[in-house]
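Enquirer: Compute the structure for the input listed below.
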Amino acid sequence: MKKILKFLSGRIFITGLMIFLQVVWFGVFFWKLTAYSVWIDLAFTLLSVVIILYIIHSDDVAGFKIGWIILILLLPVAGGVLYLLFGGHLPARRMKRRLAQQHEKMMPQLAPDAAAAGTLHDADKRTASCSRYIEKASGYPVCTDTQVKYYPCGEVMFEDMLCALEQAEHFIFLEYFIIHPGKMWNRMEEILRRKAAQGVDVRLICDDMGSLFLLPDDFAKNLESVGVKTLMFNPFVPVLSLAMNNRDHRKILVIDGHTAFNGGINLSDEYINEISLHGYWKDTGVRLRGEAVWNFTAMFLEFWHAYRAESAGESIDSFRPHAFHPEAFHGEGWVQPFSDSPIDGEAVSAGVYSDILAQAKDYVYIYTPYLIIDDVLQASICAAAKRGVDVRIITPGIPDKKIVYRLTHSYYEPLLRAGVRIFEYAPGFLHAKSCLADDVIGVIGTINMDYRSLYLHFECGSYFYRSPVLNDLKADMLDTLSKGREVTLADCRRHFWSRLLDAVLRIAAPLC
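Expert: Predicted coordinates:
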């Protein structure tokens, strides 16, 4: 009986119940209006025409436009209403205003490193132009004097994360999309509680939707009670809200301002292969030590100050890399951690990927768990392959979501015909989000090649130029390719109904 009562009073049950009641209410509402169906149909038809004209002249990418226009033409009443509720892919006004104001406050603290930008310009003007774009679009400058360590899997990175947490003396910042109790989180939580008791400033941001079905209702309250300050980002509420589209998909761990971890690895046991959900879980990550860590610290503080009013006025100089590490840092190459936000309407990640493909001379290797791209990025990939660049894309061999897996497959044929080589990681699920070109340029972070990551979510990653970490990334990619099954055009043969389903999925992809 206690378990039943706990379930009935839990957030998951209440959320589902509220959504069900909303659907019932809408159904009854429209049924009551059937007596006025002619006039209502005319009104909604006119509304649909106005909305379609607005969509055509909007700045949305083509995939969003086509999907919504087809839906509205098929369902003039429901389609128009749905677009008014969910159509724009920018965040709701309150979220946008709050985060935009905090971003403006943070930008003066991210003054460009003129020396780093200057030496990059001298080394490669083309790459320097992409770096300037990243800085102008996201606000985060390029840095030098940063040591970078590459991790080809979550379990190796986890051990270093634990060591770094144990060494924390002043502050720990964590920001993750998924937290799931188990060996990984339980070991980290024990350290966080102990460090908080010792006086270390411990702060945690967790996306509420990402962990909706994984965490107990009192998760944040329990952590706060032991001194771990906790923010559940964009709390899920059972109402139709555009803001529910915009999730914090970033994965950031910053310790004492001089060490940061980033990559595709969430805080859940499958990421360190303690459990096997879809075969071996293949992921990537990096550890930064040095000047570039400040970019990740600023990303975290921007979110934190926007939603924790009591911290908004604090001095941030004590969080800089040298605040508790007076020695100079040394590292080769250039590193530029950056954030991609839906609040500014600039798809930074898509721009960076397209630029890498455009300037590649010999090869581009890409890790992505999902391949659901718009026409512009698809054209960039195909154009690179057609001019002789060896473009290879590595996707999962065992899917975590079958519909998304099928949707990914629907993009294979046009890419293969353009000369792109596609490999599926046979041992299991590939969750890595990395890109490498010509041994000199790369990106490692949280950014999937899909609509949600490129246009709707808050994401982050690091842009590297001539960093030794790229040698490690290449070695890992070549090893992964050797374990992959190469996809051929013969694998893409489909009968009529299968191709029709793929077409429907492609149209619906931007709307999901």
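Enquirer: going forward, measure contacts between C-alpha atoms and count neighbours the same way
Expert: OK.
Enquirer: Does residue 365 touch residue 433 like I think?
Expert: No - shown here, residue 365 and residue 433 do not form a contact pair, counting by Cα atoms under 8 Å, at 10.9 Å.
Enquirer: neighbour-wise, which of these two wins?
Expert: Residue environment comparison for residue 365 versus residue 433 gives the larger neighbour count to residue 433, 26 against 23, counting by other Cα atoms under 10 Å.
Enquirer: could you say which helix or strand contains residue 229?
Expert: Secondary-structure assignment from DSSP states H and E places residue 229 in strand 228-233.
Enquirer: which residues are contacting that strand?
Expert: 192-193, 196, 201-208, 220, 223-224, 247-248, 304, 307-308 (Cα atoms under 8 Å, 6 or more residues apart in numbering).
Enquirer: Of the residues you listed, which belong to helices?
Expert: Among the contacts of strand 228-233, the subset assigned to helices under DSSP state H consists of 192, 193, 196, 220, 223, 224, 304, 307.
Enquirer: Spatially nearest residue to the third one (excluding sequence neighbours)?
Expert: Nearest residue to residue 196 in three dimensions, chain neighbours excluded: residue 227, at 5.4 Å (Cα to Cα, 6 or more residues apart in numbering).
Enquirer: what sits against the one you found?
Expert: When contacts are counted by Cα under 8 Å, 6+ apart, residue 227 touches 193, 196, 197, 202.
Enquirer: any chance of those in CSV, plus distance to residue 53, pLDDT and neighbour count?
Expert: Putting the contacts of residue 227 into CSV (distance: Cα to Cα, whole Å; pLDDT from 0 to 100; neighbours: other Cα atoms under 10 Å) gives the following:
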residue, distance to residue 53, pLDDT, neighbour count
193, 55, 98, 18
196, 55, 98, 20
197, 58, 98, 14
202, 50, 98, 22
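Enquirer: Pipe these into JSON lines and attach distance to residue 420 per row.
Expert: As requested, the contacts of residue 227 are exported to JSON lines (distance: Cα to Cα, whole Å):
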{"residue": "193", "distance to residue 420": "49"}
{"residue": "196", "distance to residue 420": "50"}
{"residue": "197", "distance to residue 420": "54"}
{"residue": "202", "distance to residue 420": "45"}
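Enquirer: The residues you listed: which two are farthest apart?
Expert: Greatest spatial distance in the contacts of residue 227: 197 and 202, 9.7 Å, computed using Cα to Cα.
Enquirer: What mean pLDDT does the very next helix or strand once past the strand holding residue 229 get?
Expert: Secondary structure here is assigned by DSSP H and E; on that basis, the next helix or strand after strand 228-233 toward the C-terminus is strand 252-255. Strand 252-255 shows a mean pLDDT of 98.
Enquirer: so how far is strand 252-255 off the chain centroid?
Expert: Computed by Cα atoms, centre = their mean, to the nearest Å, the separation of strand 252-255 from the middle of its chain amounts to 16 Å.
Enquirer: Next: stretch 421-428.
Expert: So, by Cα atoms, centre = their mean, the centroid of stretch 421-428 is 22 Å from its chain's centroid.
Enquirer: ok, residues contacting it?
Expert: If you take Cα under 8 Å, 6+ apart as the criterion, stretch 421-428 is touched by 278-282, 390-399, 412, 415-416, 480-481, 483-488.
Enquirer: if you look at those residues, which of them are in strands?
Expert: Residues of those located in strands (DSSP state E): 280-282, 390-396, 484-486.
Enquirer: residue ranges with poor pLDDT in this structure?
Expert: Scanning the chain with the threshold set as pLDDT under 70 gives 1-41, 77-78, 81, 84-91, 237-244, 511-512.
Enquirer: Strands of the stretch 1-150 of the chain, residue ranges please.
Expert: Defined through DSSP state E, counting those that start in this stretch, the strands belonging to the stretch 1-150 of the chain, from first to last, are 146-151.
Enquirer: residues near residue 218, how many?
Expert: Counted with other Cα under 10 Å, the burial measure for residue 218 works out to 10 neighbours.
Enquirer: Correction: the previous question concerned residue 328.
Expert: 11.
Enquirer: what does the one 5 residues further on give?
Expert: For residue 333, the neighbour count with other Cα under 10 Å is 20.
Enquirer: Phi, psi for it please.
Expert: Main-chain torsions, residue 333, degrees, to the nearest 10: phi 80, psi -170.
Enquirer: picking that back up, drop anything exposed from the ones in helices among the contacts of strand 228-233.
Expert: Burial of the ones in helices among the contacts of strand 228-233 was assessed by neighbour count (16 or more other Cα atoms under 10 Å); the buried members are 192, 193, 196, 220, 223, 224, 304, 307.
Enquirer: which ones are touching the fifth one?
Expert: Read it as residue 223. Applying Cα under 8 Å, 6+ apart to residue 223 gives the contacts 193, 229, 230.
Enquirer: Relative to residue 175, which of the residues you listed is nearest.
Expert: When the contacts of residue 223 are compared for distance to residue 175 (Cα to Cα), residue 230 wins out at 9.9 Å.
Enquirer: Identify all residues paired with the nearest residue to the closest one once chain neighbours are set aside through a beta bridge.
Expert: Nearest-residue entry for residue 230: residue 204, 4.8 Å, with adjacent residues in sequence omitted and distances by Cα to Cα, 6+ apart. Beta-bridge partners recorded for residue 204 (DSSP bridges): residue 174, residue 230.
Enquirer: I'd guessed residue 204 sits against residue 179; true?
Expert: No - distance between residue 204 and residue 179: 10.7 Å, which falls outside the contact criterion (Cα under 8 Å).
Enquirer: My read is that residue 462 contacts residue 335, right?
Expert: Yes - taking contact to mean Cα under 8 Å, the distance of 6.6 Å between residue 462 and residue 335 places them in contact.
Enquirer: which one of these two has more residues nearby?
Expert: Neighbours per residue (other Cα under 10 Å) separate residue 462 from residue 335, with residue 335 holding more: 29 against 24.
Enquirer: which residues does that one contact?
Expert: With contact taken as Cα under 8 Å, 6+ apart, residue 335 is in contact with 142, 143, 144, 146, 292, 462, 463, 464, 465, 467.
Enquirer: and it, what are its phi and psi?
Expert: Backbone torsions of residue 335, given as degrees, to the nearest 10, read phi -130, psi 130.
Enquirer: bridging residues for it?
Expert: With DSSP bridges applied, residue 335 shows beta-bridge pairing to residue 143, residue 464.
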